[in-house]
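[1] Next input, structure requested:
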Amino acid sequence: MPKPITERKTSNPLGMKINAVMREKGIEGNYGVLAAIFEVKPPSVYDWITHGRLGKERYAKLVEWSGKSLDWWFDIVTPTQHRYATSETAHAPLQASDVVIHLDVTSPAKASPFDRISHQEWASLPPGVVREIETYALGLITGMKIAPDLKRRNGA
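    Next up, the predicted model:
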């Protein structure tokens, strides 16, 4: 007699989302079906559920299969989802996930976001380098916004 099909319990966010989509699709707990869809063996799917280890090469198939964007899968906050500070939230502890800054550096009509870098120099940078610079700048900005809050909490 075959083993009953049951959903694997997990605390991993990616695993919980995979389980939720499987429930929506009516294949709850049937990881063999999901493995066949992704052309992998069931132990790979168990690893996705338990540890969230899903190779980048599978992202396109994940979006296609689920009908959900990568933003949804990986909890990416877009500028339109940003929570602006109000009088109630201005003094709430700031978390890294609260800081959303978007620099539009891909448009040729936009000037360089930096005073000492010309528009032509900025436009000549490869997109990957622009993303690295943007990520570095966002890290600095986030650190500056979080650091004062940590000092207040630690009594400094």
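[2] Pass me the low-pLDDT residue ranges in the chain, would you?
    Regions of the chain meeting the criterion pLDDT under 70 cover residues 1-3, 78-111, 144-156.
[3] Where do the strands of it begin and end?
    With strands called from DSSP state E, the chain shows none.
[4] can you list the domains in it?
    13-73, 79-153 (automatic domain parsing).
[5] ends of the first one, how far apart?
    Which is domain 13-73. The first and last residues of domain 13-73 sit 9 Å apart, counting by C-alpha to C-alpha, to the nearest Å.
[6] Straight-line length of stretch 61-75, end to end?
    The first residue of stretch 61-75 is 18 Å away from its last residue (C-alpha to C-alpha).
[7] Now do it: everything it contacts.
    13, 14, 17, 21, 37, 38, 54, 59, 76, 78 (C-beta atoms under 8 Å, 6 or more residues apart in numbering). Quick note: C-beta positions are derived from backbone N, CA and C, even for glycine.
[8] And for stretch 22-31?
    5, 6, 7, 8, 19, 33, 34, 42, 45, 46, 49.
[9] Let's see which of the contacts of stretch 61-75 end up in helices.
    The helices, defined by DSSP state H, take in 13, 14, 17, 21, 37, 38, 59 from the contacts of stretch 61-75.
[10] Mind giving me the ChimeraX select for these, buried ones only?
    The following ChimeraX line selects those of those that are buried, judged by 16 or more other C-beta atoms under 10 Å:
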select :14,17,21,38
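[11] okay, among the ones in helices among the contacts of stretch 61-75, which ones form the most distant pair?
    Maximum pairwise distance among the ones in helices among the contacts of stretch 61-75 (C-beta to C-beta): 20.8 Å, between 13 and 37.
[12] Thank you kindly, that will do.
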